[in-house]
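>>> what follows is a predicted protein model with its sequence.
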Amino acid sequence: MNQEFRDAVYQIVAAIPAGTVCSYGQVARMAGYPRHARFVGRLMSQLPKGSKLPWHRVIRGDGGLPLIGTPSGETQLRRLHQEGVAVLSQRVPLRRFQWRPEAAESAPGE
DNA sequence: CCAATGACGGTGG
DNA sequence: GCCACCGCCATTG
C-alpha cells in the first residue's frame, strides 16, 4: 500500500482514545480508503514489535476480537480490559465502546 | 495472467 | 442469537 495509506492509518489508530475501540473498516474509511479494512488488518499484523500504536483498540466491525485463540489475542484482551472495555462472549459491545470521532471532536456534549 | 490468501464487512437463512 | 456465502482489493505463488 501507499505510504499515504499507512501514515493515515497510523495516525488514526494512534488517535483512538483509551477505553474505546474502532473497527478496521471504520479506520479504513477515516483514512480515505473505504474498502480497505483488510489492509488495515495487514498493517496491524506488520506493525513493528515495539510499536507504540494502540493496535489492540482496533477490532472487527461486529465487535469480535480478531486474534482470538492466539497469544496476541490474549494481550489484546488483557489491554482492553485494563482500559475498561468490556468483552462479552469474545465480543465488545460497540454500542458503548466504539469510538465516535465526530462526537469526540465536534459534539462534546451528550 | 490466473488462483489463492488474509488482524475484514455485509447480507441472508 | 448462530452459521454460511459472497464481495472487497493488494500481495504472493
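Here it is on my side, so go on. Since we're looking at a predicted model, the values are computed, not measured.
>>> wait, does stretch A:7-16 contact DNA strand C?
No. Judged by Cβ under 7 Å from any atom of the strand, stretch A:7-16 and DNA strand C are separated, with a smallest distance of 12.8 Å. From N, CA and C alone the C-beta is placed, and that goes for glycine too.
>>> what residues sit buried inside that stretch?
Within stretch A:7-16, the residues that count as buried by 16 or more other Cβ atoms under 10 Å are A:Ala8, A:Val9, A:Tyr10, A:Ile12, A:Val13, A:Ile16.
>>> now the helix or strand that contains A:Leu77, how far from the centre of its chain.
Here A:Leu77, judged by DSSP states H and E, is contained in helix A:71-82. Distance of helix A:71-82 from the chain centroid (Cα atoms, centre = their mean, to the nearest Å) equals 13 Å.
>>> stretch A:62-73 now?
12 Å.
>>> with pLDDT added, can I get the buried residues of stretch A:7-16 in JSON lines?
Formatted as JSON lines, the buried residues of stretch A:7-16 follow (pLDDT from 0 to 100):
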{"residue": "A:Ala8", "pLDDT": "96"}
{"residue": "A:Val9", "pLDDT": "96"}
{"residue": "A:Tyr10", "pLDDT": "96"}
{"residue": "A:Ile12", "pLDDT": "96"}
{"residue": "A:Val13", "pLDDT": "96"}
{"residue": "A:Ile16", "pLDDT": "96"}
